[in-house]
Every structure is written in C-alpha cells, then in structure tokens.
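K.L.:
any chance you can model this:
(chains A and B)
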Number of protein chains: 2
Amino acid sequence: MNLRDSILGTDQYQLAMAQLYWKEGLADRPAQFDYFFRSYPDYGTHQAGYCVSAGLGWLLEWMESARFGDGEIEALSQQMSAAGRPRFDRNFLDWLRDNGDFSAVEVRAVLEGRVVHANAPVAVVTGPLAMCQILETPFLNRLNYPTLIATKAARVAEASRDSTVLEFGMRRGPETGAHAGGFGALVGGADFTSNVALSHAIGLDPKGTHAHSLVQAVMALGGSEEEAFRKFADIYPDECVLLVDTIDVVRSGVPNAIKVFEELREKGHQPVGIRIDSGDLAYLTIQAARLLDDAGFEDVAIVLSSDLDELVIWQILSQLEAEAGTYGLDSRRLIARMTFGVGTRLISSHGAPALGGVYKLVAIRDEHDEWRPAIKLSETAEKMPIPGEKDLVRIYDDRGLSTADVVARAGESLDPPLQLFHPHRDLERTLAGGEISETEPLLTEVFSDGKRKDGSPDLQTLRERRRHDLDRLDPGVRRLVNPHIYHVSLTRSMKELQLDLITRFRAR
Amino acid sequence: MNLRDSILGTDQYQLAMAQLYWKEGLADRPAQFDYFFRSYPDYGTHQAGYCVSAGLGWLLEWMESARFGDGEIEALSQQMSAAGRPRFDRNFLDWLRDNGDFSAVEVRAVLEGRVVHANAPVAVVTGPLAMCQILETPFLNRLNYPTLIATKAARVAEASRDSTVLEFGMRRGPETGAHAGGFGALVGGADFTSNVALSHAIGLDPKGTHAHSLVQAVMALGGSEEEAFRKFADIYPDECVLLVDTIDVVRSGVPNAIKVFEELREKGHQPVGIRIDSGDLAYLTIQAARLLDDAGFEDVAIVLSSDLDELVIWQILSQLEAEAGTYGLDSRRLIARMTFGVGTRLISSHGAPALGGVYKLVAIRDEHDEWRPAIKLSETAEKMPIPGEKDLVRIYDDRGLSTADVVARAGESLDPPLQLFHPHRDLERTLAGGEISETEPLLTEVFSDGKRKDGSPDLQTLRERRRHDLDRLDPGVRRLVNPHIYHVSLTRSMKELQLDLITRFRAR
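P.N.:
The predicted model follows:
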C-alpha cells in the first residue's frame, strides 16, 4: 500500500458512508456529484476574477489505477469500533475488493487549462453512490491545489506582460505536492520550471542559473566572484546566466559579469543573462541595465527573483516604464529583456493558500430509475448547490468575448431571448439574439469505462486552451485588482427547479 | 523514475553547480550547509513566537534510498545546451551514477517534534560539496512545509485548550503533499486525522462522522433527516456522531439527533456526539448544548468544523465562557465537551502559507583540510547567515524555562557569565551563573553512513517532545497574538568570527 497513491487517500467518513450505503442496498445506486468552487481566490487586497483549471489529467490517470487491493482491505479489516468490534463488515470489504474501483464512474468536465468560474460546475461525476462518495476527497485534493496555482500563475503572467516567467518554488512548496503545484504553474502561465523531475516527466527543458553558494564556495577557498563567474562561463558558455548579488550588484556583481561576458563574446558565445535575487529590484535593474548597455550587452537578459508575485512584478514593470527614460534607457527594450523567477508566492498562492472547491451530491436515481435532485438547506445561502442534472454553456457576446457561463438543465436548449438568473438571487438580465455570437457547451466526457477520455493532452495543448480562453475574456475580468464580476447564471428552468426544491424542503 | 521520489526532485541549478564542482575537482570536497528559517510564520495579524520541527523522519527515510539510477542518468543525458550539445558531460554522469547518493552526507539536527526558533540552525548538513548541493532543494521541500503545518497545529491546540483537535484538511490540501501536512499537524497538535491512508501508515485510528450527502441522499429518495440519522446509528451504534446542520440545527438537526440518541441509549449504547459545520458556531453550540442537556445527553460531544483556525477557536471558546451562564449552562462542562475539526486553514497554514526556511553554505574545507567559513554579503543584513561550524545550545533560566538558543562555535564551552550577542546587531545581555539552570545541546546526529540515526521515533515520541518543549516555553512566547520574542543569540566567539569575515569580505 503506497501512502501517496492508495485509494485510502480519502476521508474516513467516506468509507463510513460507503458501508452504510452498501448495507442499505444503495452502494450501486447511480448518483451525481458536482465539483465547483464558490468564490475566486482572494489574495487580501486583490481577488481573482477567474480561475484556470488544472490537475484533471493527473487525477484521471490516478482514477484509472486506484482500487481497493489486498493492502487496503487488510488495513480496513484492522479498524476496530469503540466497542472493540471490526468497524467494517467482512461482506462489505468483499464488496469493496470486487467493486472498489472507478470503472463505473463517469466524469464530465471543463477541459484542463480552460478558464473556469465560481459557482459553475467544473466537473460532474456520475456513478455508483458508494464509489462516487469515496472519490470525493481525492477528487478535491487533486484538483483544488493545481487549479489554485494555475490561477496564481495566470495572474503572474498577466503582470509580467511578455516577459518569461520561471517557476522556482519547489523548496518552499508542499513536499511532493510541489510537483502538482509546479505543473499547475506551467499550465497557468509559467514558461519553465527549475524542478528537474517535473520537467523531465513532461518533456520540458528545466531552467536554472547558479546559487550564491557557488560564489561563496569559490571565495571561501581564496578565489573571487569573478573567478566563480569565469568557471561557470567556461562550463556553460552558451547558457551563461550569472547571479550578481552575492557581494554587491552594482560595485561587484555586474562589473565582474561584464568581464566574463566579454571573454565569452571574444570566444564567439552569446552571454544569456544576469540574475538579481535581493535588494531594491527595480533600482538595481536600471543600474545593471546601464552597465550592461555601456559594455554593449543590450540583449543580455535581467532575471529577477526574491519573493515575487503579480503585484510586485506589476510594480517593478511600472517603475521601469516610468523611470527608464530618466536614466537614458529605452523602457520598451528594458522591459523586453526582463525574466521573472517566481518561487514561494506562486507555489503557495500567497494571500489565498487554498481553493474552496467542493464536491456536492446533486442528484440520485430513485427505485424507478428517475433522477431525484438533492439539495442542502444550510444556514448560509451561498453554500446552497445548484441541484440536479445539468449542462454548462459559455455564451459569447457580439464582440466575441465570453459574457456568461450558464447552468442549464440537462439537454435544455438555450434560445434567445435568454433570461438569466443569479444562482442565489433574482433575475439578472435578458440576452437578445443579437447579443449572442456563440454558445459553447463546456462539459466534455473525460472519464468512462475506467479510462480517461480526454485524449491525454500535452502541456502545449493545455496552455493553448488557457491562452485562447484568456484572449476571449473581458480585460476587466482579467484585471489584477478589483476585476469585473463574471456572470454565472441559471436558466429559468434551472432557477425554477432550485426554488421548487427549496420550497418543498422548507415545508417538511 | 518515479516523479515524487526521484532524486531529480531538485532544482536544475543544483545539477549545474554539481557538474562545475566535479570539473573543478571539488565535487567530493567536504562542505557544510545550515538549514534555518529567518522569521516565524506571520499570519497577518498574529505572528508565531516559535515553530515545531516536523518532516525530518520522512526526509531521512527518503535520503536512505534516493540515488541517481539508470532512469535519472538517462534523463540527464538527454538535456541539450542552447548550442545543441549535451549539457552534462558523460564522465560527470558516470561520476553521478557511482557517487550520486547521500551515503557520505551527515546530518545533525534538532530532533523532530521539538520547538525551534528563527535564525538558529535546525539542521547542519556536512558532506561532499556536490551531493550536499543537490540535497538542498529536497531537504527544504521536505522540512519547510511539515514544520509550517506543525507550527499552525500547535497554535490551534493552544487555542483549543484541552479539547480534541481533528485534522480534516486533505480535500483542500496540496495534492500528495497533504499527507506530509497531515503528519505535521499530528506532530504539532492535532489528535487525529480523517486521512485514512495516513492514519494506517502511522498506526492511528482515523476519525470521521458523516457528510451532508448522507442526509441529502436519504431525503432525495423520500426519506427524512431522522431516518438518515437512524441508519447511521444502526450501523455505528458506539461511534455515533451526527451532522445536524443539513436543514436547520436547532429546529431539525438536534431534535432528530436526540430522538436517535434516545433509541441508542435504550439499546445500551452511548451516543458520541453531534457535528455543526455552518452558521454561527458559538450561538448554535449553546443552543445545541441546551437541547442535549435537557434530554439528558450532557456528555455528548459537540464537534465544530467550518473554516476554523486558532483565532476562530479562541473566539468561540471565549464566547462560550462568557455566555454559557446566561443560558443556564456550566461553561467548564460546555468547553470540556467541545471537539474541533480543523481543515483548510490548518493544512494551508492560512495567513502564512510558506515557511521561509533556507539551506546555506557556511563552511568548506580547503586543500589543507582546514574548514573555511563562507558568508554572503547580500543587500539585506537579515539575510546574512551565521558562518562556520557551530553548535546550538538551549539555555534554561532559574524557573526551568528556556530563555535562549545560543549559537556557539563547534566545541566551545559556555561558561557563565555568558555574553550573548544578537545575530545581526550588538551585545544583548549577559547571563550570570545563577540565571542558568541547564544548558542543553540541541543538535544530534540523525543521518550518517547512508542511514537515519534518529531511532525512527513513533508519533507518540514526537508529540511528547513537543509537549515537553512547550511546557518549558515561556507562556509569553506561546501567546497567539503579539508573543514575546525568544532570544536566539551568538556567543562572543561566534560574533567575532562573523564580524571578522564581514570586514575581510568588505575589504576585497
């Protein structure tokens, strides 16, 4: 039994409920659960206006192989109740051994890499009640975090304009979860990662420079920063990025880098860049750029790192834009040479370290094989899921930009004029035919018969989906601070179902 | 090559530097790196006053088996430089295949479960320069996050007084890293976890109740909340905790739970508890307690969940203490029956989602086999590591409470009067002999000859260390908000070494 891949990577209460369903003859009863999140990550002063879906491919791969094997059954058979009796019935464990996989579970989902919105189903899971219930925890665990990081990465990329973004966060990332976080970052907006294992697993070139320790080691042995740089240039002449802040960026690091770059140039190599990892990054960037330009290294990249996030990068680029001219630099060229290495604040989604995605029972088949919608009347209106079988349709306006994600009843046709209702309040607006340029169903079958059916897209495909969706998202919704609120709405028919159920439940 | 366990789970620049060291004949040169963090997690309004170390055992276990195998060598041999040539020399890869493990690396560390402080070395790593460098990223990755979560858990336990704390966070946790986070929580202060795989891996009973979906499923099929409760009680008569907020806590959930509890009692079973997962938790607790008491269920636990953290729990208990009497309840008995299920905000360390632990080169042996201290003169004084070989000693005052962690030079004896210096500023204070009741060396050999040497302590041992250390920590330092600052100091000899190196480096 492997701790990280076992199907027992779920919450205990899922197994407790599964046994109850089995005893009641409901274990195989078809049920439907929706995966959605209720609000966008809120980084304190600046809430996101959208999310980027990530993690689906790895989840589906796990679902293909996860099952209750001998190790899992043996472990569960050891659990004792407070009264000292086995907590799980031998016959239930036998049922689990024979039926305990996801071969009968179907998943429809918004494809990985796509822009997704609050209160709209990102995935719909249908299958035997017991196994769908056991799936809840790993399903959430494997989608929430990568989606959170992909979303942060999309914001970092937005702030970075056309600069390269490097994911540097493994050391501060959550143990083995850092790989999923790194992958989410690559889906959402990072161009490369320094994580070697992840890079090789997905066919990407890992990126990196050198650490302060290289300069320190050489200096501790009696050498100099310049010698450390020269050793690095000798061995990596065509990929030479030098870390210039071990001693002093302006007085030592950049002048020493320039000496070594000149030697490289004489030997016919093109120096790649310098990296600054501490201090006033905007100020040091301008000073370094002046020194590099004076030495004829206008194309050498300036890589910044050190607690960067979307606001810090935005601030640095704004300052470079405003001040470059004062120092005789061309701001456009300066900005074009920037690269951002983003570590801690990306991998930990600084400011909003968890996505509140939930997985809620929305329908169950009765003994006549009819779907019965399920609803929860909690104290908080916002926590009320949208009941029943459903479709999700993205509506594009007359500019070709997405204007609403609409939750409709399964199979319902969306004919204009289209009345749209707020999920928790009243009628919002009506869209006439001329206001709609395209309607796009978003939920696709991605898992059935125990196999992923999403075509196992490569990273490039996921990134193209993200770029394509962001291009069709209103710039106001993409805005880093105080974004427009994107509409997620219900059709009249779905709204009526919701109200009808609430009324009936309240009456009991 | 397994993505999550491969030694390639490191940053690319570690390999780039390792190759450089190999080419320079420095790959096997003994070097020393310190692992420490510069500041305590700061949750926005309330910074921690201490951390609890966690993750060491799992790290050491990984170090026992991690090595460059065929898969890793093959992957690296595929990397091409910008000029299209193999980035790694075949002879370097051969060296890695023969020497690429941690058998020559030694680790001394503060033992897992113990209280640790900012700017004091939590671990000291000594060994061949190249392998110590490659170890940096996985070392940080496998210690930072568990320590972060153990620290948060210690605060949650502090706020919860003697109540049981359950870790419920897997669904919002960072993919497979959630296991390490859950383990950190158990080391730091959580009593149990709902994570089944983790519980079985460490021999703990997994805890859980049931979800709203159970009540919803039964109701969608025409049944009632009461019937759902009864089904649960029938199958788990001695562990019956009922979730009472699917419809309405006071008007439906608790009255239905009481009916079912009465039936259980008649059959000779002791009902265990109710759980409330939404709404005004303090208010609902009081209302639920009154109903339960009136029905003679004074000992039934009240489990709370829903975005809890140390401040929310503190607030709830404060309010219960203040208001219980108004409602005819005994506040002591009320508080004693509380259990807290803590999910998202624990597993994600809400407010401070990353520990800034670093791993810095502090010394390297020269060709005469003499240790040479290494230092980095960055722009930021706080980023300057404490150089050279060192010991860490905890000093207890005349009350038996720990009063300072002192960084001394290796082998230095600490005789009173003991002058203590701030790591980045001047003389702080002098401790006379009468002010010192005990001095305790904190760094223990935990890894050598390729094997962990920490005795593979079980969870119970780790928790006892934590409790023992917290008992000897000043309550002012344990305080949740605005804690006293714990002293981490240098001896005169260590301070002089630091100043001497800075002067010499600045002179160059």
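
K.L.:
now the strands for the stretch 351-500 of chain A?
P.N.:
Listed from the start of the chain, the stretch 351-500 of chain A has strands (DSSP state E, counting those that start in this stretch) covering A:357-365, A:371-373, A:390-396, A:402-409, A:418-421, A:427-431, A:438-441, A:444-448, A:451-452, A:487-490.

K.L.:
which elements pack onto the longest one?
P.N.:
Contacting strand A:357-365 under the criterion 3 or more C-beta pairs under 8 Å, 6 or more residues apart in numbering or on different chains; DSSP states H and E are the following elements: strand A:30-37, helix A:129-160, strand A:371-373, helix B:212-220. All C-beta atoms are positioned from the backbone trio N, CA, C, and that covers glycine.

K.L.:
nearest to residue B:265, of these?
P.N.:
Distances from residue B:265 to each of the helices and strands packed on strand A:357-365 were compared using C-beta to C-beta; the shortest belongs to helix B:212-220, at 21.7 Å.

K.L.:
any part of stretch A:301-311 near chain B?
P.N.:
No. Legend: contact between stretch A:301-311 and chain B by C-beta under 8 Å from any C-beta of the partner chain is lacking; minimum distance shown is 8.9 Å.

K.L.:
contacts for that stretch?
P.N.:
For stretch A:301-311, the surrounding residues in contact (C-beta atoms under 8 Å, 6 or more residues apart in numbering or on different chains) are A:45-46, A:152, A:155-156, A:158-159, A:164, A:166, A:168, A:209, A:241, A:272-278, A:281, A:285, A:288-289, A:292, A:316, A:337-346, A:350-351, A:480.

K.L.:
could you report the neighbour count for residue A:412?
P.N.:
Neighbours of residue A:412 under the rule other C-beta atoms under 10 Å in any protein chain shown: 16.

K.L.:
which residues touch the nearest residue to residue A:189 once chain neighbours are set aside?
P.N.:
The shortest distance from residue A:189 to any non-neighbouring residue, by C-beta to C-beta, 6 or more residues apart in numbering or on different chains, is to residue A:157 (2.9 Å). When contacts are counted by C-beta under 8 Å, 6+ apart, residue A:157 is found next to A:165, A:188-190.

K.L.:
one step back: let's have the strands of the stretch 351-500 of chain A in a markdown table, adding mean neighbour count and mean pLDDT.
P.N.:
Listed next are these as a markdown table, based on neighbours: other C-beta atoms under 10 Å in any protein chain shown; pLDDT from 0 to 100:
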| stretch | mean neighbour count | mean pLDDT |
| --- | --- | --- |
| strand A:357-365 | 23 | 94 |
| strand A:371-373 | 20 | 88 |
| strand A:390-396 | 22 | 96 |
| strand A:402-409 | 23 | 96 |
| strand A:418-421 | 20 | 95 |
| strand A:427-431 | 14 | 87 |
| strand A:438-441 | 13 | 96 |
| strand A:444-448 | 18 | 97 |
| strand A:451-452 | 16 | 98 |
| strand A:487-490 | 22 | 95 |
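
K.L.:
could you save these as JSON lines and add columns showing distance to residue B:40?
P.N.:
Formatted as JSON lines, the strands of the stretch 351-500 of chain A follow (distance: least, C-beta to C-beta, whole Å):
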{"stretch": "strand A:357-365", "distance to residue B:40": "30"}
{"stretch": "strand A:371-373", "distance to residue B:40": "49"}
{"stretch": "strand A:390-396", "distance to residue B:40": "44"}
{"stretch": "strand A:402-409", "distance to residue B:40": "42"}
{"stretch": "strand A:418-421", "distance to residue B:40": "48"}
{"stretch": "strand A:427-431", "distance to residue B:40": "46"}
{"stretch": "strand A:438-441", "distance to residue B:40": "49"}
{"stretch": "strand A:444-448", "distance to residue B:40": "43"}
{"stretch": "strand A:451-452", "distance to residue B:40": "43"}
{"stretch": "strand A:487-490", "distance to residue B:40": "40"}
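
K.L.:
among the helices and strands packed on strand A:357-365, which gets the worst mean confidence?
P.N.:
Taking the mean pLDDT of each of the helices and strands packed on strand A:357-365, the lowest value is held by strand A:371-373, a mean of 88.

K.L.:
from what I see, residue A:484 and residue A:474 are in contact.
P.N.:
Yes. Counting by C-beta atoms under 8 Å, residue A:484 touches residue A:474, with 6.2 Å between them.

K.L.:
number of nearby residues for the residue of the stretch 151-300 of chain A found nearest chain B?
P.N.:
Ranking the residues of the stretch 151-300 of chain A by distance to chain B (C-beta to the nearest C-beta) places residue A:177 first, at 2.5 Å. If you count neighbours by other C-beta under 10 Å, residue A:177 ends up with 28.

K.L.:
tell me which of the contacts of residue A:157 fall in helices.
P.N.:
By the criterion of DSSP state H, membership of those in helices covers residue A:188.

K.L.:
which one in chain A is furthest away from the centre?
P.N.:
Relative to the mean C-alpha coordinate of chain A, counting by C-alpha atoms, centre = their mean, the farthest residue is residue A:222 (46.1 Å).

K.L.:
angles on the backbone of it, please.
P.N.:
In this entry, residue A:222 is assigned phi and psi values of phi 100, psi 0 (degrees, to the nearest 10).

K.L.:
tell me the domain boundaries of chain A?
P.N.:
The record assigns chain A these domain ranges, following automatic domain parsing: A:12-66+A:101-150+A:351-507, A:155-347.

K.L.:
okay, the ones you listed, which one's buried deepest?
P.N.:
Across the domains of chain A, averaging neighbours per residue (mean count of other C-beta atoms under 10 Å in any protein chain shown) puts domain A:155-347 on top, at a mean of 22.

K.L.:
just how off-centre is it within its chain?
P.N.:
Distance of domain A:155-347 from the chain centroid (C-alpha atoms, centre = their mean, to the nearest Å) equals 24 Å.

K.L.:
now stretch A:22-42
P.N.:
Averaging C-alpha coordinates over stretch A:22-42 and over its chain gives two centres that are 21 Å apart (C-alpha atoms, centre = their mean).

K.L.:
does chain B sit close to that stretch?
P.N.:
Yes. Residues of stretch A:22-42 are located near chain B by C-beta under 8 Å from any C-beta, namely A:23-24, A:26, A:31, A:33.

K.L.:
sorry, back to before: tell me who's in contact with the nearest residue to the residue farthest from the centre of chain A once chain neighbours are set aside.
P.N.:
Closest residue to residue A:222 in three dimensions, ignoring its sequence neighbours and counting by C-beta to C-beta, 6+ apart: residue B:366, at 7.4 Å. Taking C-beta under 8 Å, 6+ apart, we find residue B:366 in contact with A:220-222, B:372.

K.L.:
go again with 10 Å.
P.N.:
Residue B:366 makes contact with A:220-222, B:29, B:372, according to C-beta atoms under 10 Å, 6 or more residues apart in numbering or on different chains.

K.L.:
which residues of the stretch 301-450 of chain A lie near chain B?
P.N.:
Proximity of the stretch 301-450 of chain A to chain B, by C-beta under 10 Å from any C-beta of the partner chain, involves residues A:306-307, A:343-345, A:347-367, A:371-380, A:383, A:385, A:387.

K.L.:
the strands of the stretch 351-500 of chain A: which one's closest to residue B:234?
P.N.:
With respect to residue B:234, and counting by C-beta to C-beta, the nearest of the strands of the stretch 351-500 of chain A is strand A:357-365 at 20.1 Å.

K.L.:
and the closest one, C-alpha only, in CSV?
P.N.:
Included here for strand A:357-365 are C-alpha records, laid out as CSV according to Å, rounded to 0.1, in the frame of the first residue of the first chain:
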residue,chain,number,x,y,z
GLY,A,357,-13.6,23.8,-4.2
VAL,A,358,-16.4,21.5,-3.1
TYR,A,359,-18.0,18.2,-4.4
LYS,A,360,-21.7,18.1,-3.7
LEU,A,361,-24.4,15.4,-4.2
VAL,A,362,-26.9,17.0,-6.6
ALA,A,363,-29.0,14.0,-7.8
ILE,A,364,-29.6,10.4,-7.1
ARG,A,365,-31.7,7.8,-9.0
